[in-house]
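[1] no sequence for this one, just the structure:
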């Protein structure tokens, strides 16, 4: 694993900063435009969740090397209210904020690997990776 | 200002200046020093010290009036704020230490002099910070206005056909404006078809999609039709991955196709006149 770079999410403009960081790393690793768009969109969703629900958190972008494969991992951490029913938020169309409710299940579909840990009052950590093909 | 301090500074001007330049150079961030040439650094430093010293002259009553003027001049030097406040601190330190060496500061009057310094330095510090921050605030608010003017333009292209080209990131503030301008403009121009062009939108996530869907719904309510154009291939794929339903939209991949479709919808056609030149 490489040195990670992080963006702290406090306001809406930090989402753009996180996205920019993700796009740069993806470009560096040699992802194509479609995967770049997928990765930046996933970062955008996760960062917006932090901004909307937790208020403050961090998005870290890691480069992954496994055997001959290279990849990128988004690590979204916050210490916000947490998610009570993870199964529910992973369903399409579920939203507590009147949005589309496509964010988290969408991220799962956009990326190759997806992992979520959360408990009420403890915060949430989401890791999502994409491998270079 | 205390007469003894003032006198000391006046008589040791050159010495203080040299010492200040030396120390600042040592402490200064590599970046700052590397950015400017030696000569520029020395001349600007001289200017800074001159300003500081000129601030000592005159009576206490004039001091507050002079401060704003002084702070504005410092801001005009264009240095980073931390650099200036550190510079002030270094200046005070040099003067105080110098006075100690010469025996002007003794154990008995030490506290008095410290207070005197504080009374002089604190308002100056505050004034500089406030002038700096108000300069920034002004810049930010001007940029905000400039951005707002660019954020959601609505362009009537044919009778009944209007285009809203969107460029750049869409945040909540901007989404609100898009909605407002879209509705206001559609009514004003009596639009039958409104085209939203997202060629310049770098990322379409669920929030952006949500706002666009809402805007289109609202446009439909006032009796116009909304068309989404400029969907790049990679954006199309992410929209599908996200599972966003845009079925109620007519979508086209570029503005040209969109306008052609809009003309068709409004029973218009562009024909070449065919006249020989």
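    Structure received. Just so you know, these numbers come straight off a predicted model, no measurement behind them. Residues are numbered from 1 along each chain as shown, chains lettered A, B, ... in the order given.
[2] for the closest residue in space to residue B:202 that isn't next to it in sequence, what are its contacts?
    Counting by Cβ to Cβ, 6 or more residues apart in numbering or on different chains, the nearest residue to residue B:202 once its immediate chain neighbours are dropped is residue B:169, at 6.7 Å. From N, CA and C alone the C-beta is placed, and that goes for glycine too. By Cβ atoms under 8 Å, 6 or more residues apart in numbering or on different chains, residue B:169 lies in contact with A:16, B:201-203.
[3] Mind checking which of those residues land in strands?
    Of the contacts of residue B:169, none are assigned to strands by DSSP state E.
[4] I'd like the residues you listed written out as a markdown table, with neighbour count added.
    Formatted as a markdown table, these follow (neighbours: other Cβ atoms under 10 Å in any protein chain shown):
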| residue | neighbour count |
| --- | --- |
| A:16 | 18 |
| B:201 | 20 |
| B:202 | 20 |
| B:203 | 22 |
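[5] now, among the residues you listed, which is nearest to residue A:107?
    Closest approach to residue A:107 among those (Cβ to Cβ): residue B:203, at 13.0 Å.
[6] what pLDDT does that closest one get?
    pLDDT, the model's per-residue confidence, is 89 for residue B:203.
[7] and the helix or strand containing residue B:140, is it in reach of chain A?
    According to DSSP states H and E, residue B:140 maps onto helix B:110-151. No - counting by Cβ under 8 Å from any Cβ of the partner chain, chain A is not contacted by helix B:110-151; separation bottoms out at 11.5 Å.
[8] What pairs with whatever helix or strand comes next after that helix, parallel or antiparallel?
    Per DSSP H and E, helix B:110-151 leads on to strand B:155-158 as the next helix or strand towards the C-terminus. Using DSSP bridges, the strands paired with strand B:155-158 are strand B:161-167 (antiparallel).
[9] and the next helix or strand after the strand it pairs with, how far out from the chain's middle?
    Under the assignment DSSP H and E, the closest C-terminal helix or strand after strand B:161-167 is helix B:172-188. With Cα atoms, centre = their mean, to the nearest Å as the basis, helix B:172-188 stands 24 Å off its chain's centre.
[10] repeat for stretch B:84-96
    Distance of stretch B:84-96 from its chain centroid, counting by Cα atoms, centre = their mean, is 29 Å.
[11] same check, this time on stretch B:183-199
    With Cα atoms, centre = their mean, you get 31 Å for stretch B:183-199.
[12] hmm, who's touching it?
    Residues outside stretch B:183-199 that contact it (Cβ under 8 Å, 6+ apart) are B:154, B:156, B:160-167, B:182, B:204, B:212, B:215-216, B:218-219, B:222, B:224-232, B:235, B:254-255, B:258-259, B:262, B:265-266.
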